[in-house]
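Peer 1: Next one to model:
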Amino acid sequence: MFLMGDLRDWSPEPNGVSSEERASSSSSSSSNQAGIAAEYWQKAEEATQGIIAQVQPTVVSEERRKAVIDYVQRLIRNYLGCEVFPFGSVPLKTYLPDGDIDLTAFGGINVEEALANDVCSVLEREDHNRAAEFVVKDVQLIRAEVFSSTNMFLQIIA
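Peer 2: Modelled structure (predicted):
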């Protein structure tokens, strides 16, 4: 894998030709320059693929995230009758390997504050459930306005 520092060692200048190559072969044909530019593109592609391989979701992480999402959806649906949906980087699959799972809950007649408290209570109950599918820890209701909604942070150990 190339690191960003490696890219400077071969990065082309205008027209795909580095200054050393321009000085040593000013009489080179345009087809030679096109070949050099293609070589730079190939190296850039390899570097990009190396970076993507390091940060893209794996099959295992995708399955684990899906299991956590399904678990929280079942909990909230069964206890409160509300629907829970992933949003942000989760459905876009643009999260980093240790990124969080952003979920939003939509309730029927509950007002926002009551729904947030109800969800918090369900998750706190699950925190004490030794037979739970996942370990739920550190349930915190944090009153922060983001997109006109109340945020709740919790940790689910998968």
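Peer 1: alpha carbons only for contacts and neighbour counts from here, please
Peer 2: Fine.
Peer 1: could you say which helix or strand contains Q73?
Peer 2: Secondary structure from DSSP states H and E places Q73 in helix 59-80.
Peer 1: List the buried residues in that helix.
Peer 2: For helix 59-80, the neighbour count (16 or more other CA atoms under 10 Å) marks 65, 68-69, 72-77, 80 as buried.
Peer 1: want to throw the residues you listed into a markdown table with distance to P91 and pLDDT?
Peer 2: Output for these, formatted as a markdown table (distance: CA to CA, whole Å; pLDDT from 0 to 100):
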| residue | distance to P91 | pLDDT |
| --- | --- | --- |
| R65 | 11 | 90 |
| V68 | 14 | 92 |
| I69 | 11 | 94 |
| V72 | 16 | 93 |
| Q73 | 15 | 95 |
| R74 | 18 | 95 |
| L75 | 20 | 93 |
| I76 | 19 | 92 |
| R77 | 20 | 92 |
| L80 | 23 | 89 |
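Peer 1: What is the nearest of these to T48?
Peer 2: Ranked by distance to T48 (CA to CA), the buried residues of helix 59-80 are led by R65 at 25.0 Å.
Peer 1: Longest helix of the chain, counting residues only.
Peer 2: In the chain, assigned by DSSP state H, the helix with the most residues is helix 30-55.
Peer 1: what packs against that helix?
Peer 2: Judged by 3 or more CA pairs under 8 Å, 6 or more residues apart in numbering; DSSP states H and E, helix 30-55 is in contact with no other helix or strand.
Peer 1: List the buried residues in that helix.
Peer 2: Neighbour-count burial for helix 30-55 flags 33, 36-37, 40, 43-44, 47 (criterion: 16+ other CA under 10 Å).
Peer 1: Nearest to S121 among those residues?
Peer 2: A47 (47.1 Å).
Peer 1: confidence score at that closest one?
Peer 2: What the model reports for A47 is a pLDDT of 94.
Peer 1: again with the one 3 residues further on
Peer 2: G50 is assigned 91 on the pLDDT scale.
Peer 1: Ok, the one 10 residues further on next?
Peer 2: At V60 the predicted local distance difference test score is 87.
Peer 1: got it, and E83?
Peer 2: 89.
Peer 1: What are the phi and psi values at it?
Peer 2: phi -100, psi 140 (degrees, to the nearest 10).
Peer 1: For it, list the residues it contacts.
Peer 2: 73, 76-77, 105-107 (CA atoms under 8 Å, 6 or more residues apart in numbering).
Peer 1: Neighbouring strands - and their directions - for the lengthiest strand in the chain?
Peer 2: For the chain, the longest strand by residue count, based on DSSP state E, is strand 135-146. Sheet pairing of strand 135-146 (DSSP bridges) gives strand 149-157 (antiparallel).
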